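K.L.:
one predicted model, sequence on top.
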2 protein chains.
Amino acid sequence: MVDAVLFEFLHTEMVAELWAHDSDLDPGPGGQKTSLLVLEGMGFRVGQALGERLPREMLAFREELDVLKFLCKDLWGAVFQKQMDSLRTNHQGTYVLQDSSFPLLVRMGSGLQYLEEAPKFLAFTCGLLRGTLSTLGIKSLVTASVAALPACKFQVVIQRS
Amino acid sequence: MVDAVLFEFLHTEMVAELWAHDSDLDPGPGGQKTSLLVLEGMGFRVGQALGERLPREMLAFREELDVLKFLCKDLWGAVFQKQMDSLRTNHQGTYVLQDSSFPLLVRMGSGLQYLEEAPKFLAFTCGLLRGTLSTLGIKSLVTASVAALPACKFQVVIQRS
């Protein structure tokens, strides 16, 4: 269906546009860092807004692990039409979510030379996870890493207050 | 469902981000014009890409009017989960598509003072229509106008070569 890929196309355009913009302002690593922060911030606000649209019963999760499972299944399903492939935790507030074929990386080539391009395709989604968690009452830090394209891992570290 | 509003939230963030960006570079009407062009361009490329994903039989439209009807029904349905409210034509290559409650304008206030804000919420969609038409082999100019929020009209003028 057309709507399943709309988000993906729009995300691609957004990354390209921000990259072009910030390279104009600052062609060095500073400009790239700004773009990553901007993308993460956009993802955060979209995640917050999506979180507010979740059915009420979702907001009554008692266990942190249930919230993370919800992200892996329902949030991933809504945004990427698939589920996260695995979820691991050290039971001390750190969760590793692995997607063995992350849709926003699938269109990239898989050679090593593309690895350095990967962060700009992950920043929005890190923000999306952090924003959704925030609306569900959980403060977190979310980072992403790629070892072999198009697989990637999102690491969620819960911030206890 | 969560996915129905994802596009809308992302669009809102994109408009806000581009506006902030271009006001930094050029706070006057020049900066706003650039943002509108950027949004229209992003819409165009997303429309082109969506157009390429349409089922083959769609690409075999014989009549121009069928293509326009397809935009009103299927494209609108995929992107906005509704249909366009009316389609008129002068049978000389000009089409007016009216949406009496355009989703990207619905969240805005409806007072006259918001009217001048409307163009930035329409530029992407003008591009989206132009891009989809382009993939379907039709060159066009697409503009939008608002008389009373949240209703708006998209005017499509076919460019004969």
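P.N.:
Ah, there it is. No experiment lies behind these values; they were computed from the predicted model shown.
K.L.:
around the closest residue to A:R160 other than its chain neighbours, how many other residues sit close by?
P.N.:
With CB to CB, 6 or more residues apart in numbering or on different chains as the criterion, A:R160 has its nearest non-adjacent residue at 6.8 Å, and that residue is A:G93. Quick note: C-beta positions are derived from backbone N, CA and C, even for glycine. A:G93 has 14 neighbouring residues, counting by other CB atoms under 10 Å in any protein chain shown.
K.L.:
for the one 3 residues further on, same thing?
P.N.:
If you count neighbours by other CB under 10 Å, A:V96 ends up with 14.
K.L.:
what residues are up against it?
P.N.:
A:86-89, A:153-156 (CB atoms under 8 Å, 6 or more residues apart in numbering or on different chains).
K.L.:
and chain A, which residues reach chain B?
P.N.:
A:1-3, A:5-7, A:9-11, A:13-14, A:17-18, A:21, A:25, A:38, A:42, A:45-46, A:49-50, A:53-54, A:74-75, A:78-79 (CB under 8 Å from any CB of the partner chain).
K.L.:
filter the residues you listed down to the buried ones.
P.N.:
Buried members of those, counted by 16 or more other CB atoms under 10 Å in any protein chain shown: A:2-3, A:5-7, A:9-11, A:13-14, A:17-18, A:21, A:38, A:42, A:45-46, A:49-50, A:54, A:74-75, A:78-79.
K.L.:
out of those, list just those in helices.
P.N.:
Among these, the members falling in helices (DSSP state H) are A:2-3, A:5-7, A:9-11, A:13-14, A:17-18, A:21, A:38, A:42, A:45-46, A:49-50, A:78-79.
K.L.:
quick one: secondary structure of A:V96?
P.N.:
Here A:V96 is recorded as strand under DSSP: H, G, I helix; E, B strand; the rest coil.
K.L.:
helix/strand/coil for A:R160?
P.N.:
Judged by three-state DSSP, the three-state class of A:R160 is coil.
K.L.:
quick one, phi psi at it?
P.N.:
phi -80, psi 140 (degrees, to the nearest 10).
K.L.:
count of residues packed around it?
P.N.:
A:R160, neighbours per other CB under 10 Å, totals 6.
K.L.:
what's the spacing between it and B:I158?
P.N.:
Distance, A:R160 to B:I158, using CB to CB, to the nearest Å: 61 Å.
K.L.:
buried ones in the one helix or strand A:V67 maps to?
P.N.:
Using DSSP states H and E, A:V67 falls within helix A:64-70. Within helix A:64-70, the residues scored as buried using 16+ other CB under 10 Å are A:64, A:67-68, A:70.
K.L.:
helices or strands up against that helix?
P.N.:
strand A:86-89 (3 or more CB pairs under 8 Å, 6 or more residues apart in numbering or on different chains; DSSP states H and E).
K.L.:
partners of the strand it packs on in the sheet?
P.N.:
Here strand A:86-89 has these sheet partners by DSSP bridges: strand A:94-99 (antiparallel).
K.L.:
which residues sit against the helix or strand following the strand it pairs with?
P.N.:
Of the helices and strands lying after strand A:94-99 in sequence (DSSP H and E), the nearest is helix A:103-106. Contact partners of helix A:103-106, identified using CB under 8 Å, 6+ apart, comprise A:8, A:11, A:80-82, A:118, A:121-122, A:124-125, A:146, A:149-150, A:152.
K.L.:
give me the contact list for the very next helix or strand once past helix A:103-106.
P.N.:
On the C-terminal side of helix A:103-106, the closest following helix or strand by DSSP H and E is helix A:123-135. For helix A:123-135, contacts defined as CB under 8 Å, 6+ apart pick out A:11, A:14-15, A:35-37, A:39-52, A:54, A:67, A:71, A:75, A:79, A:97, A:102, A:104, A:139-144, A:154, A:156.
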